[in-house]
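J.: Fold the following, please.
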Amino acid sequence: MAATTQTPPPSTIATRARPEIIAHEVEPQKLGWTSWFTTTDHKKIGLMYLGTVMVFFVLGGVEALLIRTQLAVPDNTLLTPEKYNQVLTMHGTTMIFLVIVPVWAGFANYLVPLMIGARDVAFPRVNAWSYWMYLFGGLALYASVFFSPPEAGWFSYVPLSLKQYSGTNGQEAWIYMIHLTGLSSILGAINFIATIHNMRAPGMGWGRMPLFVWTILIYAYLIILALTSLAATVTMLLLDRNFGTAFFDPKQGGSALLWQHLFWFFGHPEVYILVLPAFGVFSEVLPVFARKPIFGYKAIAAATAGIAFLGLLVWAHHMFATPMSTVVLAFFMLSSFIIAVPTGVKIFNWIATLWRGTVEWTVPLMYCVGGIFTFTMGGITGIFLAVFPIDWQLTDTYFVVAHFHYTAFGASAFAMLAALYYWFPKMTGRMLSERMGKVGFWLTFIGFHLTFLIQHSAGLSGMPRRIYEYSDTSWTAYNFISTVGAFTIALGVLLTIGNIAWAFKKGAIAGPDPWKANTLEWFTPSPPPENNFDAVPRVRSVEPMKDIRREIEQRTGTEQRYRSGQPLFVKR
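T.: Here you go, the predicted model:
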């Protein structure tokens, strides 16, 4: 074999090899900060989403540290009861509505058009407006800190959230935030659906679409079905608080259970709105670093749809402590069990993908494996909570808090960090530090399990959720360990932020395809130009980039190899 020589990137070779496989030369981007305010480029909008999410993620993390510091020792007086309830409400609301849902909108905005071979989303102006509504919604919520933040929890149960029990205007800020971010998500979902249905590259049928795109499509349908219910629910709450209606006030003939049914009809699909895109990240990253195709592509796509459908049928398992007949309880218990089947299909397919693969333990893969492990543990505890006699004993304890974080944070946050490390080179043209990334992963992974694994024991010993102080010294060790874990997570997040700042200045140049990946976004330069593609490549399989590399090799006699994340070209 001849000596290693540097040759032009694959896009240039492809241009000479075959007219159909054309990327483009890098075009100058519009410069200046004002361009970010007026842009309709899906990539810039995606980056604005991700930057805003990072700010809210830090704010939500600081609120979590305040909660854990308050509970670290018995009879703590760091926060008053009112301040504790406000911090608790802001933390939950921020993480659900301002971080995990919009982070997938950010990644989807940036990646979906590139992955399907489109030059932009279907409705670019609507896409831009959806971002600004998300930002205004977050600002509306955080403006309440200057007068009185909401204090009824992130799901704002009535009658606690009614005017006579929670007279602060912070609850109105919470309602306005739900309306603005909800409308943002619905418009974004319509855009994703129209884009994916109508703008795929030639040859990209439903059986060749990237699995991340599949999860975003189903995520979008779930948003339309679930968030419209929430919008109607908070509108009724707004009318009850300010215009004399009585939808939810039992003293005036309303029903507190109506709020629970309407909210959890949104709330349980919301869990899958949070985690299905995370599953899509796992399904994209694992085959790249296992160096083998995804195991059971069709089964994973079908399981995604099955999870979404069943997720719409199990909302009342959040309400096992309310007065419902045994027949109804049994239905929701069994449907909760059934949803484990398609979830298990995915987990076994991911394991099979790694099995006997040439596994490269990069930071994105470590976060994916850590997320799958953590989510599986959360799913096992969910089986206990799905049995309604057990749920009667554990409801409103820290066991539920631990379970929720294992499923929501375990899948979504780990996948969010995996996606950041995996696609950061495409977005910026720079590589993040693997060494710093691996240290950050272990801090986050160990800190997470220190924080939440012990909370199962606290819940089993009877510690209720939402208490702001306690005198039972048998809970002291549980809470102290949990607090140490929370600060360990914070160190991991700070290291990740530092890694990003370092990479912008000193990170290695990424090139168009540093991971030797499978999907079309890696066909473009890093970062991609404004128009994405001059000519869209024809898709012939689930892994179009493998096909393109193979054709380049056949037509030029140049074999593409990788060393330390950088492509090399070797003449055969």
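J.: going forward, measure contacts between C-alpha atoms and count neighbours the same way
T.: Fine.
J.: ranges for the helices of the stretch 101-250 of the chain?
T.: 101-116, 124-143, 170-198, 211-242 (DSSP state H, counting those that start in this stretch).
J.: How confident is the prediction for the closest residue to Leu65 other than its chain neighbours, by pLDDT?
T.: Nearest non-adjacent residue to Leu65, counting by C-alpha to C-alpha, 6 or more residues apart in numbering: Ala486, 6.6 Å away. Ala486 is assigned 97 on the pLDDT scale.
J.: Can you name every helix or strand that the helix or strand hosting Ala486 contacts?
T.: According to DSSP states H and E, Ala486 maps onto helix 476-506. On a contact count with 3 or more C-alpha pairs under 8 Å, 6 or more residues apart in numbering; DSSP states H and E, helix 476-506 meets helix 42-70, helix 434-460.
J.: What separation is there between Leu274 and Lys546?
T.: For Leu274, the distance to Lys546 (C-alpha to C-alpha, to the nearest Å) stands at 30 Å.
J.: Of the two, which one has the most company?
T.: Leu274 (25 against 16; other C-alpha atoms under 10 Å).
J.: quick revisit: and the residue nearest to Leu65, what does it touch?
T.: 64-65, 68, 447-448, 450-451 (C-alpha atoms under 8 Å, 6 or more residues apart in numbering).
J.: so can I have TSV of these showing neighbour count, pLDDT and distance to Pro464?
T.: Formatted as TSV, these follow (neighbours: other C-alpha atoms under 10 Å; pLDDT from 0 to 100; distance: C-alpha to C-alpha, whole Å):
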residue	neighbour count	pLDDT	distance to Pro464
Ala64	22	97	17
Leu65	19	97	19
Arg68	22	97	14
Gly447	23	97	22
Phe448	23	96	20
Leu450	21	96	19
Thr451	25	96	16
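J.: For Val288, state which of the residues you listed is nearest.
T.: Ranked by distance to Val288 (C-alpha to C-alpha), the contacts of Ala486 are led by Phe448 at 26.1 Å.
J.: Quick one, grab the pLDDT at Pro250.
T.: 87.
J.: Confirm for me that it is in contact with Ala256.
T.: Yes. Contact between Pro250 and Ala256 holds when scored by C-alpha atoms under 8 Å: they sit 6.5 Å apart.
J.: Between the two, which is the more surrounded one?
T.: Per other C-alpha under 10 Å, whichever of Pro250 and Ala256 has more neighbours is Ala256, with 16 against 13.
J.: Spit out the contact partners of that one.
T.: Ala256 neighbours (C-alpha under 8 Å, 6+ apart): 157-159, 248-250.
J.: The same query, at a cut-off of 6 Å, please.
T.: 158, 248 (C-alpha atoms under 6 Å, 6 or more residues apart in numbering).
J.: Distance of it relative to Val328?
T.: Distance from Ala256 to Val328, by C-alpha to C-alpha: 19 Å.
J.: Share the number of residues neighbouring the nearest residue to Thr451 once chain neighbours are set aside, please.
T.: Excluding the flanking residues, the one nearest Thr451 by C-alpha to C-alpha, 6+ apart is Ser482, at 3.8 Å. Neighbours of Ser482 under the rule other C-alpha under 10 Å: 26.
J.: you'd agree Ser482 is up against Leu453?
T.: No. Shown here, Ser482 and Leu453 do not form a contact pair, counting by C-alpha atoms under 6 Å, at 8.3 Å.
J.: which parts of the helix holding Ala486 are buried?
T.: 476, 478-493, 495-496, 499-500, 503 (16 or more other C-alpha atoms under 10 Å).
J.: Check stretch 222-236 too.
T.: Neighbour counts over stretch 222-236 (16+ other C-alpha under 10 Å) mark 222-224, 226-231, 233-234, 236 as buried.
J.: Could you do stretch 333-340 as well?
T.: Under 16+ other C-alpha under 10 Å, the buried positions of stretch 333-340 are 333, 335-337, 339-340.
J.: Would you reformat those as TSV and include secondary structure and distance to Lys516?
T.: Formatted as TSV, the buried residues of stretch 333-340 follow (DSSP: H, G, I helix; E, B strand; the rest coil; distance: C-alpha to C-alpha, whole Å):
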residue	secondary structure	distance to Lys516
Met333	helix	44
Ser335	helix	41
Ser336	helix	39
Phe337	helix	39
Ile339	coil	35
Ala340	helix	33
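J.: ok, which pair from the residues you listed is furthest apart?
T.: Taking C-alpha to C-alpha as the measure, those span a maximum distance of 11.7 Å, between Met333 and Ala340.
J.: could you dump the contacts of Ala486 to JSON lines with distance to Thr215?
T.: Below are the contacts of Ala486 laid out as JSON lines (distance: C-alpha to C-alpha, whole Å):
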{"residue": "Ala64", "distance to Thr215": "29"}
{"residue": "Leu65", "distance to Thr215": "32"}
{"residue": "Arg68", "distance to Thr215": "34"}
{"residue": "Gly447", "distance to Thr215": "28"}
{"residue": "Phe448", "distance to Thr215": "25"}
{"residue": "Leu450", "distance to Thr215": "30"}
{"residue": "Thr451", "distance to Thr215": "29"}
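J.: which of the residues you listed lies closest to Lys292?
T.: When those are ranked by distance to Lys292 (C-alpha to C-alpha), Phe448 comes first, at 30.2 Å.
J.: Relative to Arg555, how far out is the closest one?
T.: Distance from Phe448 to Arg555, by C-alpha to C-alpha: 49 Å.
J.: count of neighbours near the nearest residue to Ile45 once chain neighbours are set aside?
T.: Excluding the flanking residues, the one nearest Ile45 by C-alpha to C-alpha, 6+ apart is Ala128, at 6.5 Å. As a burial measure, Ala128 scores 22 neighbours (other C-alpha under 10 Å).
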